[in-house]
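Undergrad: Predicted model follows, preceded by the sequence.
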Amino acid sequence: MPDRITARPRFAFLLTLFVCLAMIGGAALFFTAGAADAPTAEEAKDAPAEDEGGAKWVGRSAERPPLPRFVSLRSAEVNVRTGPGTRYPVAAIYNRKDLPVEVTAEYENWRKIRDVEGAEGWAHMSLLSGRRTAIIQGEVRTLYNRPAADAVPLLRAEPGVVGRLMACERNWCEMDISNTRAWIRRDEIWGVYPDEDFH
């Protein structure tokens, strides 16, 4: 009888310990899963939120960012969910900072985004930046020292290369790729609208 009385508290203790460890482990997993729904401190300092303040926005509107609009990924890891909130499952994880995406809808602090391949999902606005970027499309493209077909070629970029979008005027856009600024035809990149001019 004494052995049975001693065994029950021991079992209860072990069961309680197991449950506590499971809860701690679950909390750690939840924290890790949600890490890609917010930028790191370094990323937050590096780029402004995508639609806070007209001075940070570059594009068709200097006052209120329009819909749709192009932005870029602010973080090196971004969870894209099936709906506007962390209660929705993660549909995809982007691992490419500065990738251009198009915002097509808004719900509170969440933005519905579309990538160059047409895939869509919801990302928290803190993971998006007003910094404009563009991605090379189609085939290897030539970039020039000025916006003209007879200009001097400066570099060639393969499809999928992402660069900072510096300016767009008429049929040309200026990009910064690997610290080299050069001009490319607007229809050879994705990340800017046909009627969008800015400096």
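TA: Thanks, I have the structure now.
Undergrad: I'd like to check which residues are in contact with the residue lying closest to W110 once chain neighbours are set aside.
TA: Closest residue in space to W110, ignoring its immediate chain neighbours: P84 at 3.5 Å, by CB to CB, 6 or more residues apart in numbering. C-beta here means a position set from N, CA and C on the backbone, and glycine is covered the same way. Residues in contact with P84, defined by CB atoms under 8 Å, 6 or more residues apart in numbering, are Y107, E108, W110, K112, W122.
Undergrad: Derive a PyMOL selection command for the buried subset of these.
TA: The PyMOL command for the buried members of the contacts of P84 (criterion: 16 or more other CB atoms under 10 Å) is given here:
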select buried, resi 110+112+122
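Undergrad: how much space between the residue nearest to W110 and N171?
TA: From P84 across to N171, the span is 37 Å (CB to CB, to the nearest Å).
Undergrad: for the chain, what spans make up the helices?
TA: Using DSSP state H, the helices of the chain run over 2-34, 41-46.
Undergrad: Check the ones you listed for me: which has the lowest mean pLDDT.
TA: Sorting those by mean pLDDT places helix 2-34 lowest, at a mean of 35.
Undergrad: Can you report how many residues neighbour the residue lying closest to M166 once chain neighbours are set aside?
TA: Of all residues not flanking M166 in the chain, E174 sits nearest, at 4.3 Å (CB to CB, 6+ apart). Neighbourhood size, E174 [other CB atoms under 10 Å]: 20.
Undergrad: Repeat that for V116.
TA: For V116, using other CB under 10 Å, the count is 18.
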